[in-house]
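Colleague: Just the structure for this:
(one chain, ligands or ions: 2)
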Amino acid sequence: MKKLGLNGFHDLDEVMASPKAEWKRPWWVRSVDRPTVQIDWDRIERFDARRHLVPNLKQYTGDTEFQRLEELRKENCNKWILDGRRGYTLRDYALSMAVRTGAVDSSFIGHWQNAGGSGHGWQMFSPEELGVPRWEARPEENSRMIRAFARFAGASQVGFLELDEHTRKLIYAFDEIDGKKLEFEDVDKAYETKDKRVLPNKAAWIIVFSVQMSRETMKRTTGAAPTPISVAATYQAYARSRFIIDQLQTFLHMIGYQGLMGPSWNALGIAPALGVMAGLGELSRLNRMVTPEYGPMQRIFKMVTDLPLAPTRPIDAGIMRFCRTCKICANACPTKTLSMDTEPSWEVKGLWNNPGLRAYYDNSPKCAAYWWKSTVSCSTCISSCPFGKQDGSFIHQVVAATIAGTPTLNGFFTRVSGVLDTNRPKDPDTWWNQNLPPNRVK
Ligand code: SF4
Ligand code: SF4
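Modeller: Residues are numbered from 1 along each chain as shown. Ligands and ions are numbered 1, 2, ... in the order given. Predicted coordinates:
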């Protein structure tokens, strides 16, 4: 096809396939060869997700302390409802629990077997069952197709990774909820036994996507503590991910490929690490991913597939550099869980961390125990991050653009951020008076 100019693209296919044409990012986000967090792949081993804190807190606290925390949670919950505590009323708890129930179950190979629709009796046929060839296209076209589908289903950002000797280490060794082993084998189809889930070696790509969280909702804390309303932002993102995961698995099945996930929202692999490697965002002081578009106000999900995909690259948007001097989240943390060190470190803090990164490792058991005491999970650190401010204000653009190239100004902009009140909570009761816009469908 015709050339477009010396500095331009060489043909229309290249335009369509280029990362810029596929995914329009803010101008201050650069694609780079390696992520901004330093990685020592020799030290990284596949993480045993049974060491995750929240579903398995007992292993860190012991039985007696865990029992005490369980009773404390019930007692506090009961008392705060009866006292009419601001942000902890019955309707506030009902809000967070209602959205949470949509988020508890996903599946290794998908629910397409049961996806009959509303009584039409239509089946989710595979191409084989229909007697037609499966979908075949270049990886770039497949990536665009999956991004379009995932966005339509509700995803915010969509990136892709190829599984190689390094990135395979980001798939869990054991899943967190049922402790099943995750293994790769030379088989055609994924399968599951009572002890393990087996991923075919030919399933060599990962779709990584984020679901945005509501900052307006997450800000509804008491100032000192999270509330059932603020945690609803997290649960809603997890619940939405379930629909996207289900729909993606069904879509892949119907075009002749496998989409593999797991039994829980955090199943299969280390979400922030996969997000960073796929260029959705950078690692941060939160020891979570922060993105140029939404800051930390999103959750990350993943799916292994045998559909060939064109990988997206890590990014440098100045976020990890900004974290060195910012520390707003660590200061906001009521349990002092987050690192206050200026420089990231190679030294992990405990079994809940996976070594091999030069990161801001956190002291997570303190954080998890606090969740039990406050009766709901906490996100005070996440909601305080200046990168999460999404009002499109001019100053935010200037801050973000400047830190992308001038790390010495970070301290100055942290103070500006304080002036902007990015970390000020909002009255929980006002959440119920919002006149929210309808969900946007274009
Ligand atoms: S979730 Fe809450 S307790 Fe845990 S690190 Fe963040 S601010 Fe601290
Ligand atoms: S609040 Fe500051 S230190 Fe914490 S993640 Fe955000 S930018 Fe980094």
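Colleague: Poorly predicted segments of this protein, please.
Modeller: 1-22, 98-106, 111-124, 390-423, 440-442 (pLDDT under 70).
Colleague: and with 80 instead?
Modeller: Residues of the chain meeting the criterion pLDDT under 80: 1-23, 53-56, 90-91, 94-125, 130, 223-224, 389-424, 437-442.
Colleague: tell me which parts of it are close to ligand 2?
Modeller: With the criterion set to CB under 6 Å from any ligand atom, the chain comes near ligand 2 through 284-286, 290, 322-323, 326-329, 384-387. (C-beta placed from N, C-alpha, C; glycine too.)
Colleague: wait, does the helix or strand containing residue 246 contact ligand 1?
Modeller: Taking DSSP states H and E as the definition, residue 246 sits inside helix 228-254. No. Judged by CB under 6 Å from any ligand atom, helix 228-254 stays clear of ligand 1, getting no closer than 9.9 Å.
Colleague: Check the separation of the first and last residues in stretch 191-202.
Modeller: 14 Å (CA to CA, to the nearest Å).
Colleague: Same check on stretch 160-178?
Modeller: 27 Å.
Colleague: related to what we said a few turns ago, for the helix or strand following the helix holding residue 246, name the packing helices and strands.
Modeller: Sequence-wise, the next helix or strand downstream of helix 228-254 (DSSP H and E) is strand 259-260. On a contact count with 3 or more CB pairs under 8 Å, 6 or more residues apart in numbering; DSSP states H and E, strand 259-260 meets helix 228-254, strand 298-305.
Colleague: now the next helix or strand after strand 259-260, how far from the chain's geometric center?
Modeller: Per DSSP H and E, the first helix or strand lying C-terminal to strand 259-260 is helix 271-277. Its chain's average C-alpha position is 8 Å from that of helix 271-277, according to CA atoms, centre = their mean, to the nearest Å.
Colleague: What of stretch 285-294?
Modeller: Per CA atoms, centre = their mean, the centroid offset for stretch 285-294 relative to its chain is 9 Å.
Colleague: and the chain, which of its residues are near ligand 1?
Modeller: Residues of the chain lying close to ligand 1 by CB under 6 Å from any ligand atom are 333, 334, 335, 337, 338, 367, 370, 378, 379, 380, 381.
Colleague: just checking, the last one is part of a helix?
Modeller: This means residue 381. Yes. Checked against DSSP: H, G, I helix; E, B strand; the rest coil, residue 381 lies within a helix.
Colleague: Now do the SS call for the closest residue to it other than its chain neighbours.
Modeller: Spatially, and ignoring its direct neighbours in sequence, residue 381 is nearest to residue 329 (4.0 Å; CB to CB, 6 or more residues apart in numbering). Using three-state DSSP, the structure places residue 329 in helix.
Colleague: Pull the number of nearby residues for residue 329.
Modeller: Using other CB atoms under 10 Å, residue 329 has 26 neighbouring residues.
Colleague: The residue nearest the centre of the chain and residue 336, how far apart?
Modeller: Centroid-nearest residue in the chain: residue 300, 1.7 Å away (criterion: CA atoms, centre = their mean). As judged by CB to CB, to the nearest Å, residue 300 and residue 336 stand 25 Å apart.
Colleague: Kindly report the same for residue 173.
Modeller: 31 Å.
Colleague: can you give me how far the helix or strand where residue 78 lies is from the chain middle?
Modeller: Following DSSP H and E, one finds residue 78 within helix 63-83. Relative to the chain's own centre, helix 63-83 is displaced by 29 Å; criterion: CA atoms, centre = their mean.
Colleague: Helix 228-254 and that one, what's the angle between them?
Modeller: Interaxial angle, helix 63-83 versus helix 228-254 (axes from the mean of the first three to the mean of the last three CA atoms, to 10 degrees): 110 degrees.
Colleague: how about helix 63-83: buried residues?
Modeller: Of the residues in helix 63-83, 66, 69, 73, 76, 77, 80, 81 count as buried by neighbour count, 16 or more other CB atoms under 10 Å.
Colleague: my read: the first one touches residue 57, true?
Modeller: Okay, so that is residue 66. Yes. Taking contacts as CB atoms under 8 Å, residue 66 lies within contact range of residue 57: 6.2 Å.
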